[in-house]
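# have a look at this prediction, sequence included:
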Protein chains: 2
Amino acid sequence: MVKRVAAAALTDSRQDYVKALFDLDSGAPVPVSSLARHLGVSPPSVTNMLARLAEEKLVALHHRGAARLTHDGEREALRVVRRHRILEAFLVRVLGLDWSVVHEDAEVLEHHVSDRVLDAIDRLMEHPSEDPHGHLIPDRFGRLPRRVLIPLGEMAEGARGVVREIHDRDARRMQRWKRAGLVPGAKVRMHAVHDDGEVFEVEVEGHRMVTGGGTLEGVFIEASNTGARR
Amino acid sequence: MVKRVAAAALTDSRQDYVKALFDLDSGAPVPVSSLARHLGVSPPSVTNMLARLAEEKLVALHHRGAARLTHDGEREALRVVRRHRILEAFLVRVLGLDWSVVHEDAEVLEHHVSDRVLDAIDRLMEHPSEDPHGHLIPDRFGRLPRRVLIPLGEMAEGARGVVREIHDRDARRMQRWKRAGLVPGAKVRMHAVHDDGEVFEVEVEGHRMVTGGGTLEGVFIEASNTGARR
DNA sequence: ATAAAAGATTAGCCTAGACAAATAAAAAAG
DNA sequence: CTTTTTTATTTGTCTAGGCTAATCTTTTAT
């Protein structure tokens, strides 16, 4: 007996798939294997589900089974993304949970919170525009401002910027970032890149540190025009 | 892909069944048919699931398939009941939703909110002891104070009491009660019973009304010793 | 140009939980 | 006591969404 109060046309699983396609979209169709890895299911399951989603006109299939969202699919994905981000904001701002652990709770609740409850939560927080990781929250019509961010590890030497988004689902790593001050809004400057992009000297909010590239993956920067050229 | 963050040993469906058995318990084993009606599933589904729950030692089967919770089953039921009631309180007190509509949301969320989130919600409300319908909330060890209430329709003529619980899942009916002032805490007095328990003259918070028995079903009273005898 | 590796698909199976139709057993009515 | 009615159970299906093992297809490397 699966009760649906969330006015969700899509099953939980379908919602997970369209959201994954949205997350993994980088211009090109997403291969079956990436999707399988991202969702933690086997490749056959992906092939199978993509066929159904294609049937339902939520995705378009491309070469070798790779898939992209259709317009409808993207609309659905944005609905889920909106729910997810509002819930994350709620869990942190209202319930006081740590930003590094809320992802998995939001991941479950996004499928089960009714529109009524979601709206009430949104109202309570006075319609936040970002979640705790800096991701913008789509509005109720699925509109999401585009912004151009670059990975911290790809900043040029001497460039300055501001941390805007933290992409990661690994709580441990996020704790580390938090301790290092790498949170949305933090000002950073790339002092030097060594060993062909393996070691970085970065300044975060005036505090200088040296770190490996792996640590930086998942931190995204809005470049400041001041300082980059000069 | 069913994700479980709620540390729930039991599937959603099993949780629904044990909760239903808890709700319907009135001393005697609950017949298959009542359970089927309460859960909105067919009798064969109930027979089938009860067999599994019996296997898992959550229920004990009696004459003609009727079932009662075992100790383990009751513990599980109380966990679910606790979640449900905390969530209802939250939806009303924090999110400002109406009394009469929160049941179905809580019904869904009770299966999907993690302990972490539930505890945070409980903390935010400073550990409420009752939900919005007056039901007591079991503590984290599943302890639930017993209290003796009588249905409003069974009050003796002249008896006084206080509304303590409202049992109903029908939003419309609850709206009516609310308008009539029949909410937990309201003082009532039964003036007269006519037509063999079909028509009642009741006084609610000083305001007298006449109503049919159907309307009163689901309202439970704590008798005041003042007034009953005198 | 062919062999090896990587990636996707097919085929067949599994689980949970529901359902309807047919059957059996118990209770109530005559 | 037998018949009827009510209740419960059996049997056989269905759906969603997974999985593995085996089999293609591509791509990459030699």
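On my side now, so go ahead.
# what about A:Asp23, which helix or strand?
Per DSSP states H and E, A:Asp23 falls inside helix A:12-24.
# what angle sits between the helix or strand following that helix and helix A:12-24?
Counting by DSSP H and E, the next helix or strand C-terminal to helix A:12-24 is helix A:32-39. For helix A:32-39 against helix A:12-24, the angle by axes from the mean of the first three to the mean of the last three CA atoms, to 10 degrees is 110 degrees.
# who's in contact with whichever helix or strand comes after helix A:32-39?
Following helix A:32-39 in sequence order, the next helix or strand is helix A:43-55 (DSSP H and E). For helix A:43-55, contacts defined as CB atoms under 8 Å, 6 or more residues apart in numbering or on different chains pick out A:13-14, A:17-18, A:32-33, A:35-36, A:39, A:59-61, A:65, A:67, A:73. C-beta coordinates here come from the backbone N, C-alpha and C atoms, glycine included.
# can we see that at 7 Å?
A:Ser13, A:Arg14, A:Tyr17, A:Val32, A:Ser33, A:Leu35, A:Ala36, A:Val59, A:Ala60, A:Leu61, A:Gly65, A:Ala67 (CB atoms under 7 Å, 6 or more residues apart in numbering or on different chains).
# before we move on, back to that, what distance separates the helix holding A:Asp23 from the middle of the whole chain?
For helix A:12-24, the separation from the chain centroid amounts to 12 Å (computed by CA atoms, centre = their mean, to the nearest Å).
# swap in stretch A:91-105?
That offset, for stretch A:91-105, works out to 15 Å (CA atoms, centre = their mean).
# mean confidence score for that stretch?
Mean pLDDT, stretch A:91-105: 95.
# all strands of chain A, in order?
Ranges of strands within chain A are A:59-61, A:67-69, A:150-151, A:160-166, A:187-194, A:199-204, A:207-212, A:219-223, based on DSSP state E.
# for chain B, see how far away the nearest residue in space to A:Pro145 that is not next to it in sequence is.
Leaving aside its sequence neighbours, A:Pro145 sits nearest to A:Leu136 (CB to CB, 6 or more residues apart in numbering or on different chains; 5.8 Å). Applying CB to the nearest CB, to the nearest Å, the value for A:Leu136 to chain B is 24 Å.
# pairing-wise in the sheet, spell out the partners of A:Leu136.
A:Glu130 (DSSP bridges).
# for it, which residues are in contact?
Going by CB under 7 Å, 6+ apart, the list of residues near A:Leu136 reads A:Ser129, A:Glu130, A:Leu144, A:Pro145.
# please produce JSON lines containing those residues, extended by pLDDT.
As requested, these are exported to JSON lines (pLDDT from 0 to 100):
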{"residue": "A:Ser129", "pLDDT": "97"}
{"residue": "A:Glu130", "pLDDT": "97"}
{"residue": "A:Leu144", "pLDDT": "96"}
{"residue": "A:Pro145", "pLDDT": "95"}
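# which one of those residues is nearest DNA strand C?
A:Leu144 (27.1 Å; CB to the nearest atom of the strand).
# quick check, that closest one in contact with A:Ala77.
No: the pair A:Leu144 / A:Ala77 is not scored as a contact, 10.2 Å apart, by CB atoms under 7 Å.
# where does the nearest residue to A:His84 once chain neighbours are set aside fall, phi/psi-wise?
Leaving aside its chain neighbours, A:His84 sits nearest to A:Glu110 (4.5 Å; criterion: CB to CB, 6+ apart). Note on A:Glu110: its backbone torsions stand at phi -50, psi -30 [degrees, to the nearest 10].
# how about the strands of chain A, which one is nearest DNA strand C?
Closest among the strands of chain A, once you apply CB to the nearest atom of the strand, is strand A:59-61, at 7.1 Å.
# what lines up beside that closest one in the sheet?
In the sheet, strand A:59-61 lines up with strand A:67-69 (antiparallel) (DSSP bridges).
# residues in contact with stretch A:180-188?
By CB under 7 Å, 6+ apart, stretch A:180-188 touches A:133-134, A:152, A:161-166, A:177, A:202-205, A:207, A:209, A:219, A:221.
# pull out the buried members of the residues you listed.
Neighbour-count burial (16 or more other CB atoms under 10 Å in any protein chain shown) applied to these gives A:133-134, A:152, A:161, A:163-166, A:177, A:202, A:204, A:219, A:221.
# from the residues you listed, which is closest to DNA strand D?
Of those, the one sitting nearest to DNA strand D (CB to the nearest atom of the strand) turns out to be A:His133, at 24.5 Å.
# quick check: that closest one touching A:Ile166?
Yes: checked against CB under 7 Å, the pair A:His133 and A:Ile166 is within contact range at 4.5 Å.
# what sits against A:Ser34?
A:Leu24.
# right, I mislabeled it, should have said A:Val81
The contact partners of A:Val81, taken as CB under 7 Å, 6+ apart, are A:Lys19, A:Phe22, A:Pro138.
# for it, give its distance to B:Asp122.
Noted for A:Val81: a distance of 29 Å to B:Asp122, by CB to CB, to the nearest Å.
# can you check A:Arg64 too?
Distance of A:Arg64 to B:Asp122, computed by CB to CB: 50 Å.
# between the two, which is the more surrounded one?
Comparing A:Arg64 with B:Asp122 by other CB atoms under 10 Å in any protein chain shown, the one with more neighbours is B:Asp122, at 19 against 9.
# dihedrals phi and psi, the residue nearest the centre of chain A?
By CA atoms, centre = their mean, chain A has its centre lying nearest to A:His167, at 5.4 Å. Here is the backbone geometry of A:His167 (degrees, to the nearest 10): phi -100, psi 100.
# which residue packs closest to it, ignoring adjacent ones?
In space, A:His167 is closest to A:Gly218, 4.6 Å off (CB to CB, 6+ apart).
# report the contact partners of that neighbour.
Here A:Gly218 is in contact with A:Ile166, A:His167, A:Asp168 (CB under 7 Å, 6+ apart).
# before we move on, back to that, drop anything exposed from the contacts of A:Val81.
Buried members of the contacts of A:Val81, scored by 16+ other CB under 10 Å, are A:Lys19, A:Phe22, A:Pro138.
# how close does the first one get to B:Leu124?
So that's A:Lys19. The value you get for A:Lys19 to B:Leu124, if CB to CB is used, is 28 Å.
# and for A:Glu203?
38 Å.
# ok, A:Leu216 next?
A:Leu216 is 35 Å from B:Leu124, by CB to CB.
# over to A:Gly73?
For A:Gly73, the distance to B:Leu124 - CB to CB - is 36 Å.
# those two - which one has more neighbours?
Between A:Gly73 and B:Leu124, counted using other CB under 10 Å, A:Gly73 has the larger neighbour count: 24 against 15.
# quick one: residues contacting the residue in chain A positioned nearest to DNA strand D.
In chain A, the residue that lies nearest DNA strand D is A:Thr11 (2.9 Å; CB to the nearest atom of the strand). By CB under 7 Å, 6+ apart, the contact set of A:Thr11 is empty.
# before we move on, what about A:Leu10?
A:Glu76.
# give me the pLDDT value at it.
For A:Leu10, pLDDT reads 95.
# pLDDT weak spots in chain A?
A:1-8, A:226-230 (pLDDT under 70).
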